[in-house]
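# I would like to see how this sequence folds:
(chains A and B)
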Protein chains: 2
Amino acid sequence: MEVSRPAVYPVAVPPPITDPPARLRMKDYQGMPGTMVGLALRLSQLGFAVLSFSIMVSTPDFVQVTAFCYLVAATILQTCWSFVLAVVDVYALLVQRSLHHALVVGLFAVGDGVTSTLTFAAACATAGITVLIDNDLDQCAHNNCGKFEAAAAMGFLSWVMATPSFLLTFWLLATR
Amino acid sequence: MEVSRPAVYPVAVPPPITDPPARLRMKDYQGMPGTMVGLALRLSQLGFAVLSFSIMVSTPDFVQVTAFCYLVAATILQTCWSFVLAVVDVYALLVQRSLHHALVVGLFAVGDGVTSTLTFAAACATAGITVLIDNDLDQCAHNNCGKFEAAAAMGFLSWVMATPSFLLTFWLLATR
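Here you go, the predicted model:
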């Protein structure tokens, strides 16, 4: 007759669980700070911001319109920010460092959010005025509508490239 | 003389660990969908969007400017979206449901991002044209500058109230 008995043999006592499980970390998605796609996004933002700035300052009368001056200022800020972040990305890639420090990621997210919002606002204001001059008032004969439109378009493209950087950095901040 | 020995006594064998630990869930921060602050944000977006729309359509010549028509369209979209989400928030609060389903949160995040971006773009274009008419051309005697400025300001306030909703919903999407 078989009788159930407790197991009586040497068993390593499992260590007591005292610490909560460590927070899960997400992997580095391409596009986040310190990745190749992240660097490509920075260089694209930088390039389009420089193009927008160059086209706008090449028009002789941009200083007469507040929104056009604002676009110039916003693209200068976007250029500086994207350049600094591109340098940080190159450094991170060269020394194989992961940019996951809370303060650094928070700073990147805030900076990306602010600069991309300012660039988008300037591009929208420029586009609004260009459409007013071109479609609504039909005054393109006396204005550089083509250049204004091109500057606004480059500003929008800079924002389009900055938005994934912001969203991915914000995602990293939320999940780190 | 003491000699170390293995423990020989009945010990319950720990169950083998087969499943990975469940993903950590963040708590419901106030401002997220289905919270009281979230509902207050929705009602604020809704209110400012309705104000912006009402002020703009009260001007007789807004249809002559594309950007002003775009502000009217964007505020209508923002009003509809915020109203639907406010109803969802009220339902969630009444039945004590947590709105954490992946598809629902993803839909909220995309919708918030799109509507707030469109409202912001329209407010920026309106502000750019208003500053052009007021400061750069000094043509306020023939235009409703005050109303255009007020409509732009209400549009900006609607966006200011929509941004926390978007950021918190996106945060919830990242951490759920």
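
# Secondary structure element for the nearest residue to A:D89 once chain neighbours are set aside, which one?
Spatial nearest neighbour of A:D89, chain neighbours left out: A:L39 (4.1 Å); criterion: Cβ to Cβ, 6 or more residues apart in numbering or on different chains. All C-beta spots, glycine's among them, are computed from the backbone N, C-alpha and C. Assigned by DSSP states H and E, A:L39 belongs to helix A:36-57.

# Export that helix to PDB, keeping only CA atoms.
Once non-C-alpha atoms are left out, helix A:36-57 reads as follows in PDB (Å, rounded to 0.1, in the frame of the first residue of the first chain):
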ATOM      1  CA  MET A  36      21.400  55.400 -36.100                       C
ATOM      2  CA  VAL A  37      17.900  56.300 -37.100                       C
ATOM      3  CA  GLY A  38      17.800  58.800 -34.300                       C
ATOM      4  CA  LEU A  39      20.900  60.500 -35.700                       C
ATOM      5  CA  ALA A  40      19.400  60.500 -39.200                       C
ATOM      6  CA  LEU A  41      16.300  62.200 -37.800                       C
ATOM      7  CA  ARG A  42      18.400  64.900 -36.100                       C
ATOM      8  CA  LEU A  43      20.400  65.500 -39.300                       C
ATOM      9  CA  SER A  44      17.100  65.800 -41.300                       C
ATOM     10  CA  GLN A  45      15.700  68.300 -38.800                       C
ATOM     11  CA  LEU A  46      18.900  70.200 -39.000                       C
ATOM     12  CA  GLY A  47      19.000  70.200 -42.800                       C
ATOM     13  CA  PHE A  48      15.400  71.300 -43.300                       C
ATOM     14  CA  ALA A  49      15.700  74.000 -40.600                       C
ATOM     15  CA  VAL A  50      18.800  75.400 -42.300                       C
ATOM     16  CA  LEU A  51      17.000  75.300 -45.700                       C
ATOM     17  CA  SER A  52      14.000  77.100 -44.300                       C
ATOM     18  CA  PHE A  53      16.200  79.700 -42.700                       C
ATOM     19  CA  SER A  54      18.300  80.200 -45.800                       C
ATOM     20  CA  ILE A  55      15.300  80.600 -48.100                       C
ATOM     21  CA  MET A  56      13.500  83.000 -45.900                       C
ATOM     22  CA  VAL A  57      16.600  85.300 -45.300                       C
END
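
# which outside residues touch it?
For helix A:36-57, the external contacting residues (Cβ atoms under 8 Å, 6 or more residues apart in numbering or on different chains) are A:30-32, A:62, A:68, A:71-72, A:75-76, A:78-79, A:82-83, A:85-86, A:89-90, A:93, A:119, A:123, A:126, A:147-148, A:150-152, A:154-155, A:157-158, A:161-162, A:164-165, A:168.

# Need the buried ones from those selected in ChimeraX.
Command for ChimeraX that selects the buried part of the contacts of helix A:36-57, burial taken from 16 or more other Cβ atoms under 10 Å in any protein chain shown:
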select /A:31,32,62,68,71,72,75,78,79,82,83,85,86,89,119,123,126,148,150,151,152,154,155,157,158,161,162,164,165,168
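
# Give me the distance from the helix holding A:L39 to the chain's centre.
12 Å (Cα atoms, centre = their mean, to the nearest Å).

# got it, and stretch A:93-102?
Worked out by Cα atoms, centre = their mean, stretch A:93-102 lies 17 Å from the chain centre.

# which outside residues touch it?
So stretch A:93-102 is contacted by A:25, A:28, A:32-36, A:39, A:88, A:91-92, A:105, A:108, A:172-173, A:176 (Cβ under 8 Å, 6+ apart).

# Okay, and which of the contacts of helix A:36-57 map to strands?
Using DSSP state E, no member of those sits in strands.

# Give the rounded mean pLDDT of the helix holding A:L39.
For helix A:36-57, mean pLDDT is 95.

# again with stretch A:61-69
The model assigns stretch A:61-69 a mean pLDDT of 92.

# what's the answer for stretch A:91-99, then?
pLDDT averaged over stretch A:91-99 gives 86.

# ends of it, how far apart?
End-to-end distance for stretch A:91-99: 10 Å, by Cα to Cα, to the nearest Å.

# Next: stretch A:131-143.
First-to-last residue span, stretch A:131-143, Cα to Cα: 12 Å.

# How far off centre is it?
33 Å.

# That stretch vs chain B: in contact?
Yes - counting by Cβ under 8 Å from any Cβ of the partner chain, contacts between stretch A:131-143 and chain B involve A:131-132, A:135-136.

# Can you say which of those are buried?
A:131-132.

# Among the residues of stretch A:131-143 next to chain B, which are located in helices?
Among these, the members found in helices (DSSP state H) are A:V131.

# need the residues of stretch A:131-143 next to chain B in TSV with pLDDT and distance to B:H142, can you?
Output for the residues of stretch A:131-143 next to chain B, formatted as TSV (pLDDT from 0 to 100; distance: Cβ to Cβ, whole Å):
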residue	pLDDT	distance to B:H142
A:V131	92	20
A:L132	91	15
A:N135	84	20
A:D136	83	15
